[in-house]
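Asks: below: sequence and its predicted model.
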Amino acid sequence: MKTIKISILIFILSIGLLTACNKQIIDTTWNFDYAYVKLPDGSVVQGELDSWKDWDDSDVIQVKIKGVTYLTHYSNVVLIDK
């Protein structure tokens, strides 16, 4: 009975440790084909995506629309799957 309680405690603690960190356990692939990008002058560029890329350890995103590449913060981009 004591080993069952210890096993349950270890299981609960390990679940807590896995969810406490901000890490993605299962990698997913996101597909988007349209984007809105807010530029520093306040204007907005929108269009079909040629490509986009983000990095795990950064809050920067690279978006390519109509052959032009934009590198900006996530808060300046909306990606849509139409």
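Replies: That came through, no problem.
Asks: hmm, Tyr74 is touching Val60, no?
Replies: Yes - contact criterion Cβ atoms under 8 Å: Tyr74 and Val60 qualify, at 7.5 Å. Yep, even glycine has a C-beta here, placed from its N, CA and C like the rest.
Asks: and for these two, which residues touch both?
Replies: Residues touching both Tyr74 and Val60 by Cβ atoms under 8 Å, 6 or more residues apart in numbering: Asp54.
Asks: what is the helix or strand of the chain with the lowest mean pLDDT packed up against?
Replies: Least confident element among the helices and strands of the chain, by mean pLDDT, DSSP states H and E: helix 2-20 (a mean of 75). In this structure, helix 2-20 makes packing contacts with no helix or strand, judged by 3 or more Cβ pairs under 8 Å, 6 or more residues apart in numbering; DSSP states H and E.
Asks: could you identify the helix or strand that succeeds that helix?
Replies: strand 34-38 (DSSP states H and E).
Asks: give me the residues contacting that next one.
Replies: Outside strand 34-38, the residues touching it (Cβ under 8 Å, 6+ apart) are 44-49, 52, 63, 65, 70, 72, 76-82.
Asks: which strand in this protein runs the most residues?
Replies: Ranked by residue count and defined by DSSP state E, the top strand of the chain is strand 44-54.
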